[in-house]
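Novice: no sequence for this one, just the structure:
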């Protein structure tokens, strides 16, 4: 078994889906968390592209949160059955990343624009994009895999963020609600959610 070290800030953010997949796979790793101050002085220069998260696998550093998640999904058997299935799953992942981009555009908007952008995201952008995403889920899994996949885990975390931080009502999207609830109920995921370090976000 390789030695894994995950480097990310002491928040959930872009590192949490990676922590979730480690939890579900029941694979040990070192969860290296740091402050923003230490990021700039101790860690940033050691990363491939000056960004976090980074996963160290036996000394080889892998960058990019979704790239890491996809790598671990394939490694841990949480992917499609073939390249075509994986391409379909990748499309759903990319679409969710687009939702994330819209979300962070609202969260980090200027003070003058923030209220309007947050309202637009919550009331218009997110519901419209979730309606599209809903069509790509069947029986609680993204199309491309009939079993748990890394994209399901990505989806769970995104939906949980939208529900808890933006009060998006997931009951309007029954397939997405099922995906969220099914992943949250997995014993290994449930244990992680109950025992993970407490952070503000």
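Specialist: Structure's in. What do you need? Treat the numbers as computed from the prediction; the structure is a model and nothing was measured.

Novice: secondary structure class for residue 81?
Specialist: coil (DSSP: H, G, I helix; E, B strand; the rest coil).

Novice: where exactly do the helices run in this structure?
Specialist: Counting by DSSP state H, the chain has helices at residues 16-25, 36-38, 65-75, 83-107, 111-120, 126-134, 150-166, 174-185, 187-195.

Novice: among the ones you listed, which is nearest residue 201?
Specialist: Comparing these by their distance to residue 201 (CB to CB), the top pick is helix 150-166, with 7.3 Å. For the C-beta atoms, the positions are set from N, CA and C on the backbone; glycine is no exception.

Novice: thinking again about what came up before, any chance of the helices of the chain in JSON lines with distance to residue 56 as columns?
Specialist: Converted to JSON lines, the helices of the chain look like this (distance: least, CB to CB, whole Å):
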{"stretch": "helix 16-25", "distance to residue 56": "12"}
{"stretch": "helix 36-38", "distance to residue 56": "16"}
{"stretch": "helix 65-75", "distance to residue 56": "10"}
{"stretch": "helix 83-107", "distance to residue 56": "23"}
{"stretch": "helix 111-120", "distance to residue 56": "36"}
{"stretch": "helix 126-134", "distance to residue 56": "32"}
{"stretch": "helix 150-166", "distance to residue 56": "19"}
{"stretch": "helix 174-185", "distance to residue 56": "26"}
{"stretch": "helix 187-195", "distance to residue 56": "21"}
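
Novice: need the ones you listed in TSV (columns: mean neighbour count).
Specialist: Below are the helices of the chain laid out as TSV (neighbours: other CB atoms under 10 Å):
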stretch	mean neighbour count
helix 16-25	23
helix 36-38	10
helix 65-75	20
helix 83-107	16
helix 111-120	12
helix 126-134	16
helix 150-166	22
helix 174-185	18
helix 187-195	13
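
Novice: I'd like these as TSV, with distance to residue 142 and mean pLDDT appended.
Specialist: Formatted as TSV, the helices of the chain follow (distance: least, CB to CB, whole Å; pLDDT from 0 to 100):
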stretch	distance to residue 142	mean pLDDT
helix 16-25	14	98
helix 36-38	33	96
helix 65-75	11	98
helix 83-107	5	96
helix 111-120	26	95
helix 126-134	9	98
helix 150-166	5	97
helix 174-185	8	97
helix 187-195	16	98
